[in-house]
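Asker: just to be clear, the model below is a prediction. Sequence and coordinates:
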Amino acid sequence: MKRNISIMASVFAFSLTITLVDAFVKPDYFAKVPVKIVFFLVLPMLFFVRNKGDLRDFKRLFAFEGRGVLKALLPALGVYAVILTGYFATRNVFDYSNVTASLTEGMGITAENFLFVSLYISLANSFLEEFFFRGYAFMTLKKYASRKTAYIFSSVIFALYHVGMLVDMFQFGVLLLLLAGLIVGGCIFNYLNEKNSNIYPSWFVHMFANFAINTVGFILFGVL
């Protein structure tokens, strides 16, 4: 199998698996963590183990450069502001009351454990997703497929992967808006990493996006 097809097929299969787990199995959040580590980290790493010529590029994905992170600071703060502004601008238009109920019933997330969940989501989960969707599904795929294909494929899959966890939380119109935002966000993340050849700039922005989402979560849970 050609490597571009192999990467795309594995990205689709692995992300679909997690989406179906979110949509139908609905385990407690931390029970899902080892499953996600297997499908978003361990299994993709087998590609690099099998294709030793890609090991150097694999190591490059984790080569830290402070300059790239500093360049991502402004977009990170901008994303934080946009998400919070979007929530405050629409909270009287859309009904967000189902969000906390869905988190509690579907994943066992409550006001009492949300701090720990939010820290994991912002720091560790975002890193897993950046390695998988940007490091593997974009930067590695781009070596074997066209740049346009890599941009579109990784961003669309990144958005669709979130359907399983969002479908019970939001009305259909809000869900479509969120998916469109995730596709655009995925393209921005790809661009940031493409300029720096590692996954840290997008991880930094992704982290701040999660900080904003978690801030909204604290508001909805009545903590703030």
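Answerer: Received the coordinates, thanks.

Asker: C-alpha from now on. contacts and neighbour counts both.
Answerer: Noted.

Asker: buried residues in the helix of greatest length in the chain, which are they?
Answerer: In the chain, assigned by DSSP state H, the helix with the most residues is helix 172-196. Within helix 172-196, the residues scored as buried using 16 or more other C-alpha atoms under 10 Å are 174-175, 178-180, 182-194, 196.

Asker: what about stretch 18-34, start to end distance?
Answerer: Terminal residues of stretch 18-34 lie 11 Å apart, using C-alpha to C-alpha, to the nearest Å.

Asker: now do the buried residues in it.
Answerer: Here stretch 18-34 shows 18-19, 21-23, 26-28, 32 as buried, counting by 16+ other C-alpha under 10 Å.

Asker: out of these, give me the two with the largest separation.
Answerer: Pairwise distances across the buried residues of stretch 18-34 (C-alpha to C-alpha) peak at 14.2 Å, for the pair 19 and 28.

Asker: select from the buried residues of stretch 18-34 every entry located in helices.
Answerer: Of the positions in those, 18-19, 32 sit in helices, assigned by DSSP H.

Asker: per-residue pLDDT, the residue positioned nearest the centre of the chain?
Answerer: A centroid search over the chain (C-alpha atoms, centre = their mean) returns residue 129, at 4.6 Å, as the residue closest to the centre. Model confidence at residue 129, expressed as pLDDT, equals 95.

Asker: now for residue 154, how many residues are close by?
Answerer: Using other C-alpha atoms under 10 Å as the criterion, residue 154 is surrounded by 26 other residues.
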